[in-house]
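In: predicted coordinates and the sequence they were generated for:
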Amino acid sequence: MHTISASFPSAWQKLRNHEISCEEALSLLVDDQGTVNRERLDQEVTHRFFRHFPDRNALPPVIPLLLWRGCYYLGSPVTLSTQTIQDLSDRALTEIKVIPISNKSFRVWFHTQNLDPNRISAIPLVNPLTGELEKEDISETTEAYLAKAVDQIGKIKTLISGALRNRASDLHLEPMPDGLRVRYRIDGVLRDITKLKLDISRKVIVALKVMSGMDIAESRRPQDGRIGEKYAGNEDAELGMDMRVSTLPCVGGEKAVIRLLPRQNPFSKIEDLGFSEKTLSIYASWLQQPQGMIILTGPTGSGKTSTLYTSLQHVATEHVNVVTVEDPVEYILPGITQTQVHERAGMTFAAGLRSILRQDPDIIMVGEIRDSETAETAVRAALTGHLVFTTLHTNDAIGAIPRIKDIGPDPALISDALLGIVAQRLVRRVCPHCAQPHTPTEKELQTLGLQNHTNLGSWKRGKGCDKCFNSGYLGREAIVELLDIDDRVREIIYEGTMTQLHHYLKEIKFASFGIAARQKVTTGATTVEEVLRVLPRSAFSRNQFLGKD
């Protein structure tokens, strides 16, 4: 991670002021390794050269470095033929001299030349020398782009563009003693990107608060805001995006976190969510039921929203009325009526749910059950002919049962209403570009309860490459625990204890986190370290690995 440095007078300015010679100016611009010092380039030289070449695409790869005494000094990563140099000279009406530069320097310069700092873009970078998609050095590209941004809003849009191009879900701006640290959350893990200078740190946070409609005079209390923006997608089409912005007073200033929520539908099919073949067939059977309650559970960032929305899309045919009440509406889904909680206006989950029931719904989604009134209304809706989806914050699927009983509804009603509970976490997938076969260690086998098994599957591990930031992981998928509410579970919910429930589920070898983890690791989808990073310790402390392969 680097700190954005100060700008300097261009080499051309110093040359014209007779402060340095032409040779010294060139050595300021290009070092012995062919790296171009972009901060010493002069926009006027660039403008004057390209004025002779309206169609830049017809040019060979060149960077205008200097214009001195009737000669353009051009940097190029390729060897130009004598004829090409002559053609350039004839068009520019000057002598042309070519200085060798590195491929990397040209690529970074090319991308900054084509940057619009006032526009958010998720278009991936294309290598101008090969025409292929390239994996950017995020820190280097971000710093080059930030240097082009003319104001603080331009800097924020530049950071958002970098986050979108690199699949980040969140952007963190954190005040440090020496500047504003910028981090992206990519595949669930925070990565340092750059650090903005101390003298603009406060200005950037203020600009962000202006963009998100916050009170810029108030820096002593947390604030929440939203930004609605358009951004350029892969086909250069304008796509909509919502950003949830949160600020928090802390030592050294205010920290800001931006959650990126592209409005275009990112959800595909339930088959792609990460369910095993067995759990998918059970879950799909719940979705075909005319009534009942399906609970999704897991911490923030565990993929509950993706599973919920994918499920809603699966059931939202033209013959049914699907209505949701959410806080907030994160994605706009076609064919579904979505309403948003607004507590100050009296639109709570409970009030929204009561209103929904007067809208002749077939399928209802309640963003989260937080109180007894919402829980009771949702359970009664599930008993009166509606399919109800909702979420809870618990560690696992079994923990959702005492949690919803604590909130308030009669256990008899809960046992009758529940179809099933899904708990999930998101694990990073082994990068397909650098995956290698992996022989499990004794400790790994012990963790998964596989010491006595002969069929160990096809374990894999990523060695790290430029496509996965040398992490060995690329992308994520859900690891799922699924509790199917059969007649025996209903009896236990109504008049039994949690101990009885645990004993029964152990007997029937229910689809626990432990079993799902073993399958993901032994099929090479993820690693033991990744599973241990996201799953609660209780998933491995109980003996959930019984049974033959």
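Out: All right, it came through fine.
In: what about residue 387, how many neighbours?
Out: Look at residue 387: counted by other CB atoms under 10 Å, it has 25 neighbours. C-betas here are computed from N, CA, C, even on glycine.
In: next: residue 100.
Out: Counted with other CB under 10 Å, residue 100 comes out at 11.
In: go on, residue 178?
Out: By other CB under 10 Å, the residues close to residue 178 number 11.
In: I'd say it and residue 198 touch.
Out: Yes - when contacts are counted by CB atoms under 8 Å, residue 178 is listed as touching residue 198 (6.1 Å).
In: for residue 541, give me the pLDDT.
Out: Note for residue 541: predicted pLDDT of 65.
In: any idea how far apart the tips of stretch 297-307 sit?
Out: Stretch 297-307 has an end-to-end distance of 11 Å (CA to CA, to the nearest Å).
In: residues making contact with stretch 507-523?
Out: Stretch 507-523 is contacted from outside by 276, 278-279, 282, 396, 423, 425, 427, 444, 448-450, 456-459, 479-484, 505, 526-528, 531, 535-536, 539-540, 542, 544-547, using CB atoms under 8 Å, 6 or more residues apart in numbering.
In: of those residues, select the buried ones using a ChimeraX command.
Out: In ChimeraX, this line selects whichever of those come out buried by 16 or more other CB atoms under 10 Å:
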select :276,279,282,396,423,425,427,444,448,449,450,459,479,480,481,482,483,484,505,526,527,528,531,535,539,540,544,545
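In: now, the contacts of stretch 507-523 that are in strands?
Out: 423, 425, 427, 479-484 (DSSP state E).
In: which strand or helix spans the most far-flung residue of the chain relative to its centre?
Out: Going by CA atoms, centre = their mean, the residue of the chain most distant from its centre is residue 69, 51.3 Å out. Assigned by DSSP states H and E, residue 69 belongs to neither a helix nor a strand.
In: swap in the one 3 residues further on?
Out: According to DSSP H and E, residue 72 maps onto strand 71-76.
In: what of residue 227?
Out: strand 223-232.
In: and that strand, which strands flank it?
Out: Paired strands of strand 223-232, with direction, are strand 120-121 (parallel), strand 238-250 (antiparallel) (DSSP bridges).
In: how about the longest one: buried residues?
Out: It stands for strand 238-250. Neighbour counts using 16+ other CB under 10 Å place 239, 241-247 of strand 238-250 among the buried residues.
In: I'd like these as JSON lines, with pLDDT and distance to residue 494 appended.
Out: JSON lines is the format used below for those (pLDDT from 0 to 100; distance: CB to CB, whole Å):
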{"residue": "239", "pLDDT": "73", "distance to residue 494": "49"}
{"residue": "241", "pLDDT": "79", "distance to residue 494": "46"}
{"residue": "242", "pLDDT": "81", "distance to residue 494": "42"}
{"residue": "243", "pLDDT": "87", "distance to residue 494": "45"}
{"residue": "244", "pLDDT": "89", "distance to residue 494": "40"}
{"residue": "245", "pLDDT": "94", "distance to residue 494": "45"}
{"residue": "246", "pLDDT": "95", "distance to residue 494": "41"}
{"residue": "247", "pLDDT": "96", "distance to residue 494": "47"}
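In: now distance to residue 116 too, for these, in CSV please.
Out: What follows is the buried residues of strand 238-250, written out as CSV (distance: CB to CB, whole Å):
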residue, distance to residue 116
239, 16
241, 16
242, 21
243, 19
244, 25
245, 22
246, 28
247, 27
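In: count of neighbours near residue 471?
Out: Residue 471: 17 surrounding residues under other CB under 10 Å.
In: doesn't it belong to a helix?
Out: No - per DSSP: H, G, I helix; E, B strand; the rest coil, residue 471 lies outside any helix segment and is coil.
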